[in-house]
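K.L.:
using only what follows, build the 3D model:
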Amino acid sequence: GSNDHVFVFFDDHGNTDIIAFPNDDLMTSKELSDTVNTMSNKKMFSKLVLHISACLSGSMFYKVTLPINVYATTSAPVAASAYAINYDSKRGTYLASGYPYGVNKFMDISTSNLHTFQDQFDWATEHLLNYSQPCQYGEVDWAGTETLTDFFSGAGQKMTGQRIAQWNDVVPEWDVPYEI
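P.N.:
Residues are numbered from 1 along each chain as shown. As a prediction, the model looks like this:
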């Protein structure tokens, strides 16, 4: 409802102005923008955070205007690949996407329940070792003030302080087979 803080995570394939779902459905940047704006106008959330991980995912936001209560990050800019990591030779595929792995890892190792979405974005970007180029859209200003605990119960409580592992098996996601 109107007081809810909503977090949406998407990780799949993308192309210019589209993201793809496992069942071959596509969503265009206009459809996503219209949906988010309609939800905001109907007061279906107080604040919305979108994390989109897909090749060319920046193209979902760079031409649209998001409501003032929406913050979005993407794993790649308008014309670049996202990156896959952690190759599993037994399964013959990569097990994770780099940017969301970094975002989630930050939540695992954070030592404070005062960390913000900007802290998370900065840490994940720094630890991508120049592979991926995450981007921010929408209400970037409040990314520095909204704490992770505003959206995630328990954030900052089970923290271990460990560092992210070195990534030696990073490849552009458009080089990863669709099927194994």
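K.L.:
name the SS class of W123, please.
P.N.:
helix (DSSP: H, G, I helix; E, B strand; the rest coil).
K.L.:
how deep is it tucked in, by neighbour count?
P.N.:
Other residues lying near W123 total 19 when counted by other Cβ atoms under 10 Å. Where you see a C-beta, it was placed from the backbone N, CA and C, and this is true even at glycine.
K.L.:
Y99 is in contact with that one, correct?
P.N.:
No: using Cβ atoms under 8 Å, W123 makes no contact with Y99, being 11.3 Å away.
K.L.:
and what about the residue nearest the centre of the chain, helix, strand or coil?
P.N.:
In the chain, the centroid-proximal residue (Cα atoms, centre = their mean) is H51; its distance is 2.7 Å. Three-state call for H51 (three-state DSSP): strand.
K.L.:
show me the contacts for it.
P.N.:
Contacts for H51 were tallied using Cβ atoms under 8 Å, 6 or more residues apart in numbering; they are 7-10, 72-74, 100, 103.
K.L.:
just the pLDDT for it.
P.N.:
Note for H51: predicted pLDDT of 94.
K.L.:
swap in the one 3 residues further on?
P.N.:
Each residue has a pLDDT score; the one for A54 is 93.
K.L.:
one more: R163?
P.N.:
pLDDT, R163: 46.
K.L.:
in this protein, what residue sits furthest out from the centroid?
P.N.:
The chain, farthest from centre, Cα atoms, centre = their mean: K90 at 27.3 Å.
K.L.:
looks to me like it is in a strand.
P.N.:
No: counting by three-state DSSP, K90 is not part of a strand but coil.
K.L.:
gap between it and G144?
P.N.:
To G144, K90 is 42 Å away according to Cβ to Cβ, to the nearest Å.
K.L.:
quick one, what contacts the nearest residue to G138 once chain neighbours are set aside?
P.N.:
Excluding the flanking residues, the one nearest G138 by Cβ to Cβ, 6 or more residues apart in numbering is L66, at 3.8 Å. Applying Cβ under 8 Å, 6+ apart, we find L66 in contact with 33, 36-37, 72, 137-139.
K.L.:
tell me the one of those residues nearest D24?
P.N.:
Nearest to D24 among these: S33, at 21.8 Å, using Cβ to Cβ.
K.L.:
sounds good, over and out.
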